[in-house]
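>>> Using only what follows, build the 3D model:
(4 chains)
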There are 2 protein chains.
Amino acid sequence: MSSIKSKNSHVDRMSKIASLNEQEKFFLGALHCRKQYKKKSVIDQQGTISKSVYYLNKGILSMEYQHGSKVFVRDFIFRDSPALVYPSFYLEEPSRYSIKAVTDCDVWELTKENFEIGKRKIPNLEIIAFKITNLFHQNIEKRFESMITKSAEDRYLELVENHPKIIQSISLKMIASYLGITDVALSRIRSRLSKRVAKNY
Amino acid sequence: MSSIKSKNSHVDRMSKIASLNEQEKFFLGALHCRKQYKKKSVIDQQGTISKSVYYLNKGILSMEYQHGSKVFVRDFIFRDSPALVYPSFYLEEPSRYSIKAVTDCDVWELTKENFEIGKRKIPNLEIIAFKITNLFHQNIEKRFESMITKSAEDRYLELVENHPKIIQSISLKMIASYLGITDVALSRIRSRLSKRVAKNY
DNA sequence: TATAGTTCTTAACTTAGGTTAAGATAAAAG
DNA sequence: CTTTTATCTTAACCTAAGTTAAGAACTATA
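Here you go, the predicted model:
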């Protein structure tokens, strides 16, 4: 029984947003299917219509957009978080960004068709979707705010504080892209910081 | 009759998003009330719960956030556009930003109570709200994208191209803040651009 | 195992933009 | 009408970050 629970942690998480009864939980769990993605694989392609939402069980995902020949990291998604190409998934219009696996990933996938089936059977599912949507909006709002109010160094420190393990699993180049600077600039920031720490000893 | 139509252009605009019948249009129009705001007045205060949405009939609004002692312009809202403090209005949580009148403004206000009444009588109102919400998200997504992919000069040119009249009605300082740079830097960009134009003659 | 491709660091140079300050208009307030 | 305040420009100086390049360390693959 406990193994089923741990297997369906995404359902429990959703139920915390807007409570579901046991039947609904079971039904929602059955609508999801588990998928594995190898590092660097593209899960959702920019410019296409997003057909699924994901719940990240293990690993790290990235949201990226291509602009000419350059690729920019719009955000990282860490474990136990939903990955949604918004608003492409809802409006069925081409998405502004891709979703890629930064590390090997393990996700729960909910297709658009299953989402529609779920909505008919589980009234609270719409509320859950709406709240997740709002979280996404708050996320980019915060990101935009820190972009114009903080220096690259402060943004880096903020990121490392929130996700200390990031340095082990994400390349410097991708972190730099996330911060809106070049890899050279981030390397400089890192050495500047370590020198500053060394001074205090 | 035509005067009524022009008076209710906001209702017609909404009906274009998800069509409403004449009865619904009339009802929706009656739920709005017209308001005038003097230049520099604060319509919605950062940190409070947003109680209304607005439709801007005339003038220019700004979305701003205060960060310590500094104020940052998050966006401008031009005529014939909705102004929504999202997600504060829906979730009834403190808002991340204020809405202010950059010039004298003329708006249609729809209070939260009237919005709830409207939802019960006009099924499509929820769809309209959802689509407007999505437009808001796309807007910040674009803004974020141009922030990390373009230079301040390109962002300035982009803004002026989309809103040529902006220079007459919005102060250099506010435009600079919108672009994420100082007023001195924008003044420099302007003189650089005018010298470049002069060279071509 | 050797070779080629990444990843990261460091240095040198350049440029955009921040900071401060001073002067010129223009607008608001007395 | 005068004084004060806000707006804008320009200059001087400084720093953060872009660009290019070269070398080290690690990975992947033939």
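>>> Report the buried residues of the helix ranked longest in chain A.
Longest helix in chain A, counting residues (DSSP state H): helix A:124-149. Within helix A:124-149, the residues scored as buried using 16 or more other C-beta atoms under 10 Å in any protein chain shown are A:124-125, A:128-134, A:136-137, A:140-141, A:143-148. All C-beta atoms are positioned from the backbone trio N, CA, C, and that covers glycine.
>>> what's the answer for stretch A:154-163, then?
Buried, per 16+ other C-beta under 10 Å, within stretch A:154-163: A:155, A:156, A:159.
>>> ok, and the second one, which helix or strand is that part of?
Assignment of secondary structure by DSSP states H and E places residue A:156 within helix A:152-162.
>>> List the first helix or strand encountered after that helix toward the C-terminus.
Trace forward from helix A:152-162 with DSSP H and E and the next one is helix A:166-169.
>>> Mind checking the pLDDT average for the next helix or strand after that next one?
Next helix or strand after helix A:166-169 toward the C-terminus (DSSP H and E): helix A:172-179. For helix A:172-179, mean pLDDT rounds to 97.
>>> now do the same end-to-end measure for stretch A:114-130.
17 Å (C-alpha to C-alpha, to the nearest Å).
>>> what's downstream of the helix or strand of chain A with the lowest mean pLDDT, the next helix or strand?
The least trusted helix or strand in chain A, going by mean pLDDT, DSSP states H and E, turns out to be helix A:2-7, with a mean of 44. With elements assigned by DSSP H and E, the helix or strand that comes after helix A:2-7 is helix A:9-17.
>>> list the helices and strands that following helix packs on?
helix A:22-31, strand A:52-58, helix A:124-149 (3 or more C-beta pairs under 8 Å, 6 or more residues apart in numbering or on different chains; DSSP states H and E).
>>> what's near enough to touch the residue nearest to the spatial centre of chain A?
Centroid-nearest residue in chain A: residue A:77, 2.5 Å away (criterion: C-alpha atoms, centre = their mean). Shown in contact with residue A:77 (C-beta atoms under 8 Å, 6 or more residues apart in numbering or on different chains): A:56, A:60, A:61, A:62, A:63, A:83, A:99.
>>> does it have beta-bridge partners, and which?
Listed by DSSP bridges, the beta-bridge partners for residue A:77 are residue A:61.
>>> distance of it from residue A:163?
Applying C-beta to C-beta, to the nearest Å, the value for residue A:77 to residue A:163 is 11 Å.
>>> follow-up on the earlier one: check which helices and strands the longest helix of chain A sits against.
Checking 3+ C-beta pairs under 8 Å, 6+ apart, helix A:124-149 ends up next to helix A:9-17, strand A:70-77, helix A:112-121, helix A:152-162, strand B:61-67, strand B:70-77, helix B:88-91, helix B:124-149.
>>> Would you mark the buried spots in the shortest one?
Buried residues in helix B:88-91, defined by neighbour count with 16+ other C-beta under 10 Å: B:88, B:89, B:90.
>>> Against which helices or strands is whatever helix or strand comes next after it packed?
Next along the chain after helix B:88-91, taking DSSP H and E as the criterion, comes strand B:98-101. If you count contacts as 3+ C-beta pairs under 8 Å, 6+ apart, strand B:98-101 packs onto strand B:42-44, strand B:61-67.
>>> can you redo the ones you listed as TSV with mean neighbour count, mean pLDDT and distance to DNA strand D?
Output for those, formatted as TSV (neighbours: other C-beta atoms under 10 Å in any protein chain shown; pLDDT from 0 to 100; distance: least, C-beta to the nearest atom of the strand, whole Å):
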stretch	mean neighbour count	mean pLDDT	distance to DNA strand D
strand B:42-44	18	94	16
strand B:61-67	20	93	13
